[in-house]
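S.K.: how would this look folded up:
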Amino acid sequence: MENESQGQGSVVTETPVVPVAPVVTDTPKTEVTPGLKFDQKDIDENKYVAALSYIWLLFLVPLLAKKESPFAQFHAKQGMVLCIASIILSFIPFFGWLANIALFVVVIIALIKTLSGQAWEIPLVKDAVKKINL
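M.R.: Below you'll find the model as predicted:
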């Protein structure tokens, strides 16, 4: 804004006030699934390792190597339950084989969601995962 002073003819300009964003020191928790919150930094650093959880016995990699990562541990526990279910279903003729095909589709969906940084609680698996305390 320009103001002319009366009698002196000088021009005074006002500098606009720029708001400054507050500095955030802690990484905010991201709610990727209702009720589940993980640090965005944890997700970004460990999503590829967490994705290994859904490739049969490779759930052991994040389970043992990433004990400090809640995101990787969440997926490792789900992968462990899916792996055990797959092994058990393999011994049941026909019905078990069909269930394993459905399980394979669930694994593909879980892989995609994990790589996109989401924590999907698999409906029939989530209750068993909550009981695992490793």
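S.K.: got the residue ranges for the helices in this protein?
M.R.: 40-51, 60-65, 70-90, 95-115, 126-131 (DSSP state H).
S.K.: what residue ranges in the chain are flagged as low confidence?
M.R.: 1-35 (pLDDT under 70).
S.K.: Deepest-packed of the helices of the chain, please.
M.R.: The highest mean neighbour count among the helices of the chain, using mean count of other CB atoms under 10 Å, belongs to helix 70-90: a mean of 21. To be clear about C-beta, it is placed using only N, CA and C from the backbone, and glycine gets the same treatment.
S.K.: That one packs against which elements?
M.R.: Helices and strands touching helix 70-90, by 3 or more CB pairs under 8 Å, 6 or more residues apart in numbering; DSSP states H and E, are strand 36-39, helix 40-51, helix 60-65, helix 95-115, helix 126-131.
S.K.: let's see 6 Å
M.R.: helix 40-51, helix 60-65, helix 95-115, helix 126-131 (3 or more CB pairs under 6 Å, 6 or more residues apart in numbering; DSSP states H and E).
S.K.: residues near Glu68, how many?
M.R.: 9 (other CB atoms under 10 Å).
S.K.: Return the backbone torsion pair for it.
M.R.: phi -80, psi -10 (degrees, to the nearest 10).
S.K.: Distance check, it against Ala99.
M.R.: Noted for Glu68: a distance of 34 Å to Ala99, by CB to CB, to the nearest Å.
S.K.: and of the helices and strands packed on helix 70-90, who's closest to Ile84?
M.R.: helix 126-131 (8.9 Å; CB to CB).
S.K.: So what's the gap between the closest one and the chain middle?
M.R.: 17 Å (CA atoms, centre = their mean, to the nearest Å).
S.K.: packing partners for it?
M.R.: Packing partners of helix 126-131 (3+ CB pairs under 6 Å, 6+ apart): helix 70-90.
S.K.: Can you tell me which of the helices and strands packed on helix 70-90 is nearest to Ile87?
M.R.: helix 95-115 (9.6 Å).
S.K.: Can I get the closest one in CSV? Just the C-alpha atoms.
M.R.: Extracted C-alpha coordinates of helix 95-115, given in CSV (Å, rounded to 0.1, in the frame of the first residue of the first chain):
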residue,chain,number,x,y,z
PHE,A,95,-11.3,-77.3,-0.7
GLY,A,96,-7.9,-76.5,0.7
TRP,A,97,-6.5,-76.0,-2.8
LEU,A,98,-9.3,-73.6,-3.7
ALA,A,99,-8.8,-71.8,-0.4
ASN,A,100,-5.1,-71.5,-1.3
ILE,A,101,-6.0,-69.8,-4.6
ALA,A,102,-8.2,-67.3,-2.7
LEU,A,103,-5.3,-66.8,-0.2
PHE,A,104,-3.0,-66.1,-3.2
VAL,A,105,-5.3,-63.3,-4.3
VAL,A,106,-5.3,-61.9,-0.7
VAL,A,107,-1.5,-62.0,-0.7
ILE,A,108,-1.3,-60.0,-4.0
ILE,A,109,-3.6,-57.4,-2.6
ALA,A,110,-1.6,-57.2,0.7
LEU,A,111,1.6,-56.8,-1.3
ILE,A,112,0.2,-53.9,-3.4
LYS,A,113,-1.1,-52.2,-0.3
THR,A,114,2.1,-52.6,1.6
LEU,A,115,4.2,-51.2,-1.2
